[in-house]
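# Fold the following.
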Amino acid sequence: MTTREQAYAKANQQRAARYVEIWIVAQPAEIASMVQVASASGRLVYLGPPHPMGGDDTRQRRYLRLRTR
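This next block holds a predicted model:
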């Protein structure tokens, strides 16, 4: 691996360490309170659209991207 490739790999790892990407499954009201806290703390980067769980399950699944620092 060349020096340039090593530097690029290290930079990518540092960029990736800045964020946490998670899927949450909960009731819409619970998700709303989590999102409100993440937004107020300045950690919320991206909130994906809600995906119903299907069937008679009233929970939703949402994708969140949060800053780690």
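# which other residues reach stretch 35-46?
Tyr19, Leu47, Tyr63, Leu64, Arg65, Leu66, Arg67 (Cβ atoms under 8 Å, 6 or more residues apart in numbering). Where C-beta positions appear, they are placed from N, C-alpha and C, glycine not excepted.
# List the buried residues of it.
Judged by neighbour count (16 or more other Cβ atoms under 10 Å), stretch 35-46 contains these buried residues: Ala38, Arg43, Leu44.
# export that stretch as PDB, just CAs?
Only the C-alpha atoms of stretch 35-46 are listed here, as PDB (Å, rounded to 0.1, in the frame of the first residue of the first chain):
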ATOM      1  CA  VAL A  35     -35.600  13.000  17.300                       C
ATOM      2  CA  GLN A  36     -36.400  16.100  19.300                       C
ATOM      3  CA  VAL A  37     -33.700  15.400  21.800                       C
ATOM      4  CA  ALA A  38     -31.100  14.600  19.100                       C
ATOM      5  CA  SER A  39     -32.000  17.800  17.200                       C
ATOM      6  CA  ALA A  40     -31.900  20.000  20.300                       C
ATOM      7  CA  SER A  41     -28.400  18.600  21.200                       C
ATOM      8  CA  GLY A  42     -27.200  19.400  17.700                       C
ATOM      9  CA  ARG A  43     -26.300  15.700  16.900                       C
ATOM     10  CA  LEU A  44     -29.000  15.000  14.300                       C
ATOM     11  CA  VAL A  45     -27.600  15.000  10.800                       C
ATOM     12  CA  TYR A  46     -30.300  13.100   8.900                       C
END
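# same question for it, mean pLDDT?
Stretch 35-46 comes out with an average pLDDT of 93.
# now it: how far from the chain's centre is it?
Offset of stretch 35-46 from its chain centre (Cα atoms, centre = their mean, to the nearest Å): 10 Å.
# Where does pLDDT dip in this protein?
Residue ranges of the chain with pLDDT under 70: 1, 7-16.
# now with 80?
Within the chain, the stretches with pLDDT under 80 are 1-17, 69.
# hang on, Val20 in a strand?
Yes: counting by DSSP: H, G, I helix; E, B strand; the rest coil, Val20 falls inside a strand.
# Okay then, goodbye and thanks.
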